[in-house]
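> Generate coordinates for the sequence data below:
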Amino acid sequence: MILHILNQAPQSGQAAAQALAAMAPEDHLILIEEAVFAVLDAQWQGWHVASERIHVLEDDVASRGLVDITGRQQPELLSVEAFVTLTAEVSQTVSWY
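As a prediction, this is how the structure comes out:
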């Protein structure tokens with residue numbers, strides 16, 4: 001299992017689409033930094049392709065004032081500690097930026 005880490009907003013380039021295309025069925029994707037703005041876009045392909053395997057870094061959502069908005073997509077919010085645990089459990093991580 002690979003953990004794909006995306007730090008760019010899906011609308012800002014090709015990184016999000018490339019990450020989704022590279023994901024195997026057992027892989028997971030975590031949205032960090034500017035990528036958390038994906039929670040504002042109900043039409044983003046990630047929600048349709050792999051929503052159950054997409055996580056969002058809780059601290060980044062909170063720091064951008066998006067806590068009350070995330071209910072639209074209902075992604076799994078991960079604490080920093082849970083993110084570290086997840087990275088230790090996977091065989092590889094790939095960063096997309």
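
> Near L57, how many other residues are there?
The local packing of L57 (other Cβ atoms under 10 Å) involves 22 other residues. In this view, the C-beta of every residue, glycine as well, is placed from N, C-alpha and C.

> tell me the pLDDT at it?
For L57, the pLDDT comes out at 95.

> wait, what's in contact with it?
Residues near L57 by Cβ atoms under 8 Å, 6 or more residues apart in numbering: 30-33, 36, 77-78, 80, 83.

> And it, how far from E81?
11 Å (Cβ to Cβ, to the nearest Å).

> what does A16 give?
Taking Cβ to Cβ, one finds A16 at 25 Å from E81.

> Check V94 too.
With distances taken as Cβ to Cβ, V94 is found 21 Å from E81.

> repeat for I54
19 Å.

> The two - which one has more neighbours?
Each of I54 and E81 has its neighbours counted (other Cβ under 10 Å); I54 has more, 24 against 9.

> Across the sheet, point out what pairs with that one.
L29 (DSSP bridges).

> contacting residues for it?
By Cβ under 8 Å, 6+ apart, the neighbours of I54 are 28-31, 46-47, 75-76.

> of those residues, closest to L3?
Minimum distance to L3 across those is 5.3 Å, recorded for H28 (Cβ to Cβ).

> how far away is the nearest residue to the closest one once chain neighbours are set aside from Q14?
Leaving out its chain neighbours, the residue that sits closest to H28 by Cβ to Cβ, 6 or more residues apart in numbering is R53, at 4.8 Å. From R53 across to Q14, the span is 20 Å (Cβ to Cβ).

> got it, and E34?
Taking Cβ to Cβ, one finds E34 at 14 Å from Q14.

> the more surrounded of these two?
Higher neighbour count among E34 and Q14: E34, with 17 against 11, using other Cβ under 10 Å.

> Is it correct that the more buried one falls within a helix?
Yes. Assessed with DSSP: H, G, I helix; E, B strand; the rest coil, E34 lies in a helix.

> That one and A24: what is the separation?
According to Cβ to Cβ, E34 and A24 sit 25 Å apart.
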